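K.L.:
Return atomic coordinates for the entry below.
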Amino acid sequence: MATRSSRGGSGAARWRAPVKPRPPVALDLATREDHGLADEASFRRLGFYDLDLAGQVADGVEFAQCRFRGSDLSGVQLDGASLADCLVERTNLANLRAEKSSMIRVRLATLRMTGVHWINGALRDVTVSQCRLDLSSFRFTDFANVLFDGCNLTRADFQNADLTGVRFTNCDLTGAQFSQATMAGTRFANCGLAGVGGVTSMAGAIIAPQDLAALSYTLAGALGIQIEAAEPG
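P.N.:
Presented below is the predicted three-dimensional model:
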């Protein structure tokens, strides 16, 4: 179960790359009949390949050293779930909803995650690569050593999240919401930041020079600064 921490503070946090998942030597194949989601279920060293688990509901599920590929978990509802040392690839997680859940040493790659809600949870040593995360929500979630790379995060919601030690690279964050987030040491490189909300909460963030132009207009608007074109001489 995820627990809330208070890592935020003054000064930039030192970022390090996420620790990679620790895969097992061998995997058994999961089946829908024997490995459907159920309360307090524990799944270890299983390969969830091309399975339809859409819409299932479970509390307290644990996944350890599992691999998901080509499966459908859209609309799944989880409470108090945990994923550790897992690989999730080319899988549909659209509109999955999880509360008080955690990921530790997990890699997410090429996933459809539109509308995912991961609320009041925790992500540690997680890599999220080439995923569609538009309209997702991570409110009140703690992040540590997390990398978002090449992701669509348009209108994503990070309100009240602790983003200390998160790195966004090559991501589209147009219209994302950061109100009341903790962002000391959060890094942005080659990201679209037009129209982000809660820009005044970005104190302590580290932004690449090429990303600053779009953000400056949003910041000016938040502070009530009017930008006026120079009059012709």
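
K.L.:
Does anything pack onto the helix or strand Trp118 falls within? Which helices or strands?
P.N.:
Assigned by DSSP states H and E, Trp118 belongs to strand 117-119. For strand 117-119, the packing partners by 3 or more CB pairs under 8 Å, 6 or more residues apart in numbering; DSSP states H and E come out as strand 97-99. All C-beta atoms are positioned from the backbone trio N, CA, C, and that covers glycine.

K.L.:
Which is the succeeding secondary structure element to the strand it packs on?
P.N.:
The element immediately downstream of strand 97-99 (helix or strand, assigned by DSSP H and E) is strand 102-109.

K.L.:
what stretches of the protein score poorly on pLDDT?
P.N.:
When the per-residue scores of the chain are filtered using pLDDT under 70, the ranges that remain are 1-14, 217, 220-233.

K.L.:
Give me the contacts around the strand holding Trp118.
P.N.:
Strand 117-119 is touched from outside by 95-101, 136-141, with contacts defined as CB atoms under 8 Å, 6 or more residues apart in numbering.

K.L.:
Just the buried residues from the residues you listed, in ChimeraX please.
P.N.:
With 16 or more other CB atoms under 10 Å as the criterion, this ChimeraX line picks the buried residues out of these:
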select :95,96,97,98,99,100,101,136,137,138,139,140,141
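
K.L.:
As TSV, the contacts of strand 117-119 with distance to Leu51 would be great.
P.N.:
Below are the contacts of strand 117-119 laid out as TSV (distance: CB to CB, whole Å):
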residue	distance to Leu51
Asn95	17
Leu96	14
Arg97	19
Ala98	18
Glu99	23
Lys100	25
Ser101	20
Ser136	23
Ser137	25
Phe138	26
Arg139	29
Phe140	30
Thr141	26
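
K.L.:
from the contacts of strand 117-119, which is closest to Cys86?
P.N.:
Distances from these to Cys86 were compared by CB to CB; the smallest belongs to Ser101, at 12.5 Å.

K.L.:
Excluding sequence neighbours, find me the nearest residue to the closest one.
P.N.:
If the residues on either side of it in the chain are set aside, Ser101 comes closest to Ala81, at 4.1 Å by CB to CB, 6 or more residues apart in numbering.

K.L.:
before we move on, the earlier item: which among the contacts of strand 117-119 gets closest to Gln65?
P.N.:
Gln65 lies nearest to Ser101 out of the contacts of strand 117-119, by CB to CB, at 17.4 Å.

K.L.:
can you pull the contacts of the closest one?
P.N.:
If a contact means CB under 8 Å, 6+ apart, then Ser101 has Met1, Ala2, Leu78, Asp79, Gly80, Ala81, Ser82, Leu83, Trp118, Gly121, Ala122 as its contacts.

K.L.:
Filter the residues you listed down to the ones in strands?
P.N.:
In strands, judged by DSSP state E, the following of these are found: Leu78, Asp79, Ser82, Leu83, Trp118, Ala122.

K.L.:
Could you check how far the last one is from Asp162?
P.N.:
What it means is Ala122. Counting by CB to CB, to the nearest Å, the gap between Ala122 and Asp162 amounts to 9 Å.

K.L.:
same deal with the fourth one?
P.N.:
Using CB to CB, one gets 19 Å for the distance from Leu83 to Asp162.

K.L.:
the more surrounded of those two?
P.N.:
Here Leu83 and Asp162 are compared on neighbour count by other CB atoms under 10 Å; more neighbours surround Leu83, at 27 against 23.

K.L.:
What subset of the contacts of Ser101 is buried?
P.N.:
Buried subset of the contacts of Ser101 (neighbour count, 16+ other CB under 10 Å): Ala2, Leu78, Asp79, Gly80, Ala81, Ser82, Leu83, Trp118, Gly121, Ala122.

K.L.:
Sweet, I'm off.
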